[in-house]
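1. Sequence and predicted structure are below.
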Amino acid sequence: GENVEQHPSTLSVQEGDSAVIKCTYSDSASNYFPWYKQELGKRPQLIIDIRSNVGEKKDQRIAVTLNKTAKHFSLHITETQPEDSAVYFCAATDNNAGNMLTFGGGTRLMVKP
Amino acid sequence: DAGITQSPRHKVTETGTPVTLRCHQTENHRYMYWYRQDPGHGLRLIHYSYGVKDTDKGEVSDGYSVSRSKTEDFLLTLESATSSQTSVYFCAISATGGSYEQYFGPGTRLTVT
């Protein structure tokens, strides 16, 4: 099945700096890569996603890049703000499991004011 | 937030007792999922449903069963709860299969003593 590794597990940045979270996946047939943000005690919320026919996608201060050859994708947050502090999860589809999502272990991002 | 509710939101139960968690959606989405979230493991798929009476196992299905008799309701049953099933359980829905946006419910915190 699919294996998704996420790094780093914790990330601390100063307000206004950029943050980058990286994920690698094992299933070369994966075709959908969402990112979720989860604030403390809340549900995971979809913030951005990318499909395998696209190399990059942007939405205001967040962007995701995908390198299919290397089987990795990254979340980029620019001009970080304290409200960006949360746990972020990446995920990838598992072609051997009905295209269900396999999630990475999560990254706790702390933005210091 | 998508129209997803979970009940109960919190439950404490004793080892060996059966427990049923309910997920209810008002979006008329075909797919419904049950995940568990544990520290360091991200979100792991327990079972999913792709239609009324159509269900399949996920990555961590042992000790769990599900039922879907109506489009809007997806039930997760722990047949004989164990301490290792102490976790936060999230339901999710999507209009189509895994390669499509999933939206999460608010979660149920289950403690098995």
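-> Nice, I can see it.

2. Would you mind naming what in chain A lies close to chain B?
-> A:1, A:6, A:31-32, A:34, A:36, A:42-46, A:49, A:51, A:89, A:91, A:93-94, A:97-106 (CB under 8 Å from any CB of the partner chain). All C-beta atoms are positioned from the backbone trio N, CA, C, and that covers glycine.

3. I'd like to know which of those are buried.
-> Among the residues of chain A next to chain B, those scoring as buried are A:6, A:31-32, A:34, A:36, A:43-44, A:46, A:49, A:89, A:91, A:93-94, A:97, A:99-106 (criterion: 16 or more other CB atoms under 10 Å in any protein chain shown).

4. What about residue A:68, how many residues nearby?
-> Neighbourhood size, residue A:68 [other CB atoms under 10 Å in any protein chain shown]: 15.

5. next one: residue A:63
-> 17.

6. and if you look at residue A:26?
-> The number of residues packed near residue A:26 is 14, by other CB under 10 Å.

7. which residue is nearest the centroid of chain B?
-> By CA atoms, centre = their mean, the mean C-alpha position of chain B lies nearest to residue B:34, the distance being 2.8 Å.

8. Who does it form a beta bridge with?
-> Beta bridges link residue B:34 to residue B:47, residue B:91, judged by DSSP bridges.

9. just checking, it touches residue B:66?
-> Yes: using CB atoms under 8 Å, residue B:34 is in contact with residue B:66, at 6.5 Å.

10. picking that back up, got a list of what the residue nearest to the centre of chain B touches?
-> Shown in contact with residue B:34 (CB atoms under 8 Å, 6 or more residues apart in numbering or on different chains): B:21, B:23, B:45-48, B:58, B:64, B:66, B:74, B:76, B:89-91.

11. how much space between it and residue B:46?
-> According to CB to CB, to the nearest Å, residue B:34 and residue B:46 sit 4 Å apart.

12. Return the distance of the residue nearest to the centre of chain B relative to residue B:21.
-> Distance, residue B:34 to residue B:21, using CB to CB: 8 Å.

13. So what's the model's average confidence on the longest strand seen in chain A?
-> Ranked by residue count, the top strand of chain A under DSSP state E comes out as strand A:86-94. Averaged across strand A:86-94, pLDDT comes to 94.

14. next one: stretch B:42-60
-> On average, stretch B:42-60 scores 93.

15. got a list of contacts for it?
-> Stretch B:42-60 has contacts (CB under 8 Å, 6+ apart) with A:1, A:6, A:44, A:89, A:91, A:97-98, A:100-106, B:30-38, B:61, B:64-71, B:74, B:76, B:89-90, B:97.

16. And that stretch, how far out from the chain middle?
-> 8 Å (CA atoms, centre = their mean, to the nearest Å).

17. ok, and for it, which residues are buried?
-> B:42-50, B:55, B:58-60.

18. From one end of that stretch to the other, what's the distance?
-> This stretch, stretch B:42-60, spans 13 Å end to end (CA to CA, to the nearest Å).
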